[in-house]
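Participant: Here you go, sequence then predicted model.
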Amino acid sequence: MASRFSAVKLFRGVIWNPNFGTIPKSYLLRQGQRFKHLTPHVPSRGLLSTPRVHLASVSDQTVDPRLTAERFVDETDVVIVGGGPSGLSAAIRLKQLANAEGKEVRVVVIEKASELGAHTVSGAVIEPRALNELIPDWKERGAPLNQPATEEDLRFLTKKWAIPLFSPPQMLNKGNYVVSLNKFVKWLGEQAEEVGVEVYPGFSASEVLYNEDNSVCGIAINDMGLDKDFKPKDNFERGMEFRAKVTLFAEGCHGSLTKTLIRKFDLRKGRQPQTYGIGIKEVWEIDPEKAKPGYTLHAMGYPLDWKLYGGGFLYHMEDNIVQVGFVVSLDYQNPYLNPYKEFQRYKLHPFIKKHLIGGKRIAYAARAINEGGYQSIPKLTFPGGALIGCTAGFLNVPKIKGTHTAMKSGMIAAETAYDAVTSENASTGPINLTAYEDSIEKSWVYEELREVRNIRPSFNSPLGMWGFVCYSGLDMLFLKGRTPWTFKHHEDYACLKPAKECKPIEYPKPDGVITFDLLDSVALSGTMHTENQPVHLRLRDKSIPVERNLKIFDGPEGRFCPAGVYEFVDDEANVGQKRLQINSQNCVHCKTCDIKDVSQNIDWVTPEGGNGPKYVLT
Ligand SMILES: Cc1cc2nc3c(=O)[nH]c(=O)nc-3n(C[C@H](O)[C@H](O)[C@H](O)COP(=O)(O)OP(=O)(O)OC[C@H]3O[C@@H](n4cnc5c(N)ncnc54)[C@H](O)[C@@H]3O)c2cc1C
Ligand code: SF4
């Protein structure tokens, strides 16, 4: 009861934080210490009116004692949030170093997917450079890199034609492998366990823990078994805490805890905004007669117009499997654009369709992808921890490859973390991993990203694609990034234009053979969320979807979500009006809504661990 009353006292009066708009007061009450991490995230254009939540009468509320029960605390040396390529590489490197010196270093990996790899989305053609450094005998250890990339194809698509283009050296795939990243991550997990890493899939890290001096000291797993009103159900279990000397965040593109750290520690100060694309892909089992194992195709142009960055890929793997996908930049302007439907149109192009016809689609996936590159990498460290992999933004955009850089960043951070946790001063104060920042700047990761830093933003000139083709050709072939200038980026959400300034886009109806209805696709992602749990797509202000997004932008969230989560439906309570229905059970955790919502009103937070997509072969 004591904690309850102190929380009441703390929050008596008016609170100005827009995050609280849709969360019941009783839940806020017991989350007192979490308030400071939920800082407002409103557009700089100041179009939102900030809702006030009056908590003057919260003392009348009774809080279920289970909600305020002490959390179980587990102490470890290093906790890593995210069991993707970067998190697992960091974990493996840490234990390799400790095992080599016979030291006891406890490393824990927390992964929200029900099993490793189940939330992993990639093309994927991977460069084995980091893997060669991490596990040189990966072949003998049975790494699922079975199909070398053997044939390159780069095309410019018009509606009917596929014009061959010259592939710049940075995009060549010689020495790379066409893989299922999902299988690769599973295998990395096995390697991690073999060297002594503790891997816990099925748990969402939902909160960063801080010491009194504001240094990070671990994470907490979210409470399981809450109902949609944040009340405990019969199966309620209090989330536990992992307290660590070092916490590494490896959440992938636009991590939900990472975004709170970026704000709290102002990690973007002096850097360019991160920009993104949405990548949507399908896995097909094709007619064996058409199989060309090792063939890799990248395409630009159709169906996108010349002002929008994006393009498609198609990779042939072993066993007659084809990975086909499309990336649309999230700085698009027309609110009528529908990335999912652009992808479906892409597959209808004769040059793409010929690979798929006669085949069967077996998987569907979507995930945001970083496009900011070198100039958008935030400060990587803060007291007690660091960002690694795609959550920091180490993806090489022209290559559409981030696995090798994610892994290498994890390995470098691990080397610094190992020195720090095993040093004699480790217990005297918060650990600072600034040496990680220095080492990565000297590594091949930075060299590679620096060289291509102007390619993606060269598309943002008034010449659009034509400016991009000329500049990137010159830069990739001759200048190789050795220019004194670095182009800037803009915030994706701020690029959207009001609907009245744009034309609706007519998309073809799904044919059920090559193109499909969105919900049939979502069914192939295996996504599942426990019913009756708190919605993990939080609106900062409930009125904004209808009052601003629908009225001015014609409801773009109904189009950009690749899982049909957002739907404007008739409001039974107000005849003639619409309301936003959030089908959160469909969510595939791509993070696009958190990035592209024009009002920055959607806060993606982790649902219960083990929920979300269940990808195979992606
Ligand atoms: C469509 C598409 C195509 C791509 N093609 C290629 C390609 O061909 N080659 C290539 O090299 N790269 C490609 N990439 C990029 C590649 O997938 C990433 O660079 C790579 O996966 C980054 O690894 P990561 O470990 O940083 O992040 P991720 O692989 O995203 O892993 C992050 C993990 O953290 C987990 N997680 C996140 N938040 C939490 C939390 N709060 N609690 C617990 N767990 C959490 C996630 O579930 C996930 O498993 C592609 C990406 C996309 C989207
Ligand atoms: S709700 Fe958001 S995170 Fe979930 S699938 Fe839709 S756009 Fe992606």
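Facilitator: Sure thing, it's come through. Quantities reported herein were computed from a predicted structural model and do not represent experimental measurements. Ligands and ions are numbered 1, 2, ... in the order given.

Participant: Stretch 519-528 - what's its average pLDDT?
Facilitator: For stretch 519-528, mean pLDDT is 97.

Participant: first to last residue in it, what's the distance?
Facilitator: With CA to CA, to the nearest Å applied, stretch 519-528 spans 13 Å between its terminal residues.

Participant: so how far is ligand 2 from D597?
Facilitator: Distance, D597 to ligand 2, by CB to the nearest ligand atom, to the nearest Å: 9 Å. From N, CA and C alone the C-beta is placed, and that goes for glycine too.

Participant: Need the per-residue pLDDT for that residue.
Facilitator: With respect to pLDDT, D597 scores 98.

Participant: now D475
Facilitator: You'll see D475 listed with a pLDDT of 88.

Participant: domain parsing for the chain?
Facilitator: Domains of the chain are assigned by automatic domain parsing as 1-69, 75-140+179-271+378-453, 457-486.

Participant: ok, of these, where does mean pLDDT dip lowest?
Facilitator: Here the lowest mean pLDDT among the domains of the chain goes to domain 1-69, at a mean of 39.

Participant: For ligand 1, what's its nearest residue on the stretch 101-250 of the chain.
Facilitator: As assessed by CB to the nearest ligand atom, ligand 1 sits closest to G123 within the stretch 101-250 of the chain, at 2.6 Å.

Participant: Please determine how far the closest residue to ligand 2 within the stretch 251-400 of the chain is located from G359.
Facilitator: As assessed by CB to the nearest ligand atom, ligand 2 sits closest to A366 within the stretch 251-400 of the chain, at 6.6 Å. According to CB to CB, to the nearest Å, A366 stands 20 Å off from G359.

Participant: out of these two, which sits in the more crowded spot?
Facilitator: Shown here are A366 and G359; by other CB atoms under 10 Å, A366 has more neighbours (27 against 20).

Participant: Quick check: which of the domains of the chain is buried the most?
Facilitator: domain 75-140+179-271+378-453 (a mean of 21; mean count of other CB atoms under 10 Å).

Participant: first to last residue in that domain, what's the distance?
Facilitator: Using CA to CA, the end-to-end distance of domain 75-140+179-271+378-453 comes to 40 Å.

Participant: Nearest to D554 among the domains of the chain would be which one?
Facilitator: domain 1-69 (16.4 Å; CB to CB).

Participant: List the neighbouring strands of the helix or strand harbouring C217 plus their orientation.
Facilitator: Using DSSP states H and E, C217 sits within strand 216-221. As defined by DSSP bridges, the strand partners of strand 216-221 come to strand 205-210 (antiparallel), strand 241-249 (antiparallel).

Participant: want to throw these into a markdown table with distance to ligand 1?
Facilitator: Shown next, in a markdown table, are the strands paired with strand 216-221 (distance: least, CB to the nearest ligand atom, whole Å):
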| stretch | distance to ligand 1 |
| --- | --- |
| strand 205-210 | 4 |
| strand 241-249 | 8 |
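
Participant: can you tell me which of these comes nearest to H404?
Facilitator: strand 241-249 (18.0 Å).

Participant: Could you point out the helix or strand that follows the closest one?
Facilitator: Next along the chain after strand 241-249, taking DSSP H and E as the criterion, comes helix 256-264.

Participant: how many degrees apart are that next one and strand 216-221 in direction?
Facilitator: Following axes from the mean of the first three to the mean of the last three CA atoms, to 10 degrees, one obtains 140 degrees for the angle between helix 256-264 and strand 216-221.

Participant: near ligand 2 at all, helix 256-264?
Facilitator: No. Using CB under 6 Å from any ligand atom, helix 256-264 stays clear of ligand 2, coming no nearer than 9.9 Å.

Participant: Quick one: mean pLDDT for the helix or strand following that helix?
Facilitator: As assigned by DSSP H and E, the chain's next helix or strand after helix 256-264 is strand 276-285. The average pLDDT for strand 276-285 rounds to 98.

Participant: Off-centre distance for stretch 454-474?
Facilitator: Remark: stretch 454-474 is offset 26 Å from the chain centroid, using CA atoms, centre = their mean, to the nearest Å.

Participant: start the count at 236, not 1, going forward
Facilitator: Renumbered: residue one is now 236, and that last one reads stretch 689-709.

Participant: Show the end-to-end separation of that stretch, please.
Facilitator: 11 Å.

Participant: Stretch 722-739 now?
Facilitator: The first and last residues of stretch 722-739 sit 31 Å apart, counting by CA to CA.

Participant: what do you get for stretch 404-421?
Facilitator: Start-to-end, stretch 404-421 (CA to CA) is 31 Å.

Participant: do stretch 757-777 as well
Facilitator: 26 Å.

Participant: quick check, it touching ligand 1?
Facilitator: No. Shown here: stretch 757-777 not in contact with ligand 1 (CB under 6 Å from any ligand atom), separated by at least 10.9 Å.

Participant: List the buried residues for that stretch?
Facilitator: For stretch 757-777, burial by neighbour count (16 or more other CB atoms under 10 Å) applies to 757, 759-762, 764, 768-776.

Participant: Restricted to strands, list the residues you listed.
Facilitator: Counted as lying in strands by DSSP state E, out of those, are L772, R773, L774.

Participant: before we move on, what SS does whatever residue of the stretch 736-853 of the chain ends up closest to ligand 1 have?
Facilitator: The minimum distance from the stretch 736-853 of the chain to ligand 1, using CB to the nearest ligand atom, falls at T841 (4.8 Å). Following DSSP: H, G, I helix; E, B strand; the rest coil, T841 is assigned to coil.

Participant: swap in D312?
Facilitator: Recorded secondary structure, D312: strand (three-state DSSP).

Participant: so where do the strands sit in the stretch 586-735 of the chain?
Facilitator: With strands called from DSSP state E, counting those that start in this stretch, the stretch 586-735 of the chain shows them at 595-605, 616-617, 620-622.

Participant: I should have written the stretch 286-435 of the chain there, sorry.
Facilitator: Under DSSP E, counting those that start in this stretch, the stretch 286-435 of the chain gives strands at 288-289, 308-316, 342-346, 360-361, 382-383, 386-392, 397-399, 412-413, 433-436.

Participant: and the fourth one, how far out from the chain's middle?
Facilitator: Strand 360-361 sits 18 Å away from the centroid of its parent chain (CA atoms, centre = their mean).

Participant: Contacts only, for the residue nearest the centre of the chain.
Facilitator: In the chain, the residue lying closest to the centroid (CA atoms, centre = their mean) is C488, at 3.0 Å. By CB atoms under 8 Å, 6 or more residues apart in numbering, C488 lies in contact with Y511, R602, A603, I604, N605, C625, T626, G628, L630, K826.

Participant: looking at the sheet around V308, what are its partners?
Facilitator: Beta-bridge partners for V308, by DSSP bridges, are E476.

Participant: so how far is ligand 1 from it?
Facilitator: Counting by CB to the nearest ligand atom, the separation of V308 from ligand 1 is 18 Å.

Participant: Count the neighbours of that residue for me.
Facilitator: The tally of other residues near V308 (other CB under 10 Å) stands at 12.

Participant: can I assume it is in contact with E476?
Facilitator: Yes. Contact criterion CB atoms under 8 Å: V308 and E476 qualify, at 4.6 Å.

Participant: Which positions in the chain make contact with ligand 2?
Facilitator: Counting by CB under 6 Å from any ligand atom, the chain sits next to ligand 2 at 772, 796-798, 800, 822-828, 839.

Participant: cutoff 5 Å now
Facilitator: C796, A798, V800, C822, V823, C825, T827, C828 (CB under 5 Å from any ligand atom).

Participant: from the ones in strands among the buried residues of stretch 757-777, which single one is nearest P300?
Facilitator: R773 (25.3 Å).

Participant: pLDDT score for the closest one?
Facilitator: Looking at R773, its pLDDT reads 97.

Participant: is it true that it touches V840?
Facilitator: Yes. When contacts are counted by CB under 8 Å, R773 is listed as touching V840 (6.0 Å).

Participant: I figured L759 hits W519, correct?
Facilitator: No. Counting by CB under 8 Å, L759 stays clear of W519, with 11.0 Å between them.

Participant: Tell me how far the residue of the stretch 336-485 of the chain closest to ligand 1 lies from W720.
Facilitator: Remark: distance between G358 and W720 (CB to CB) = 30 Å.
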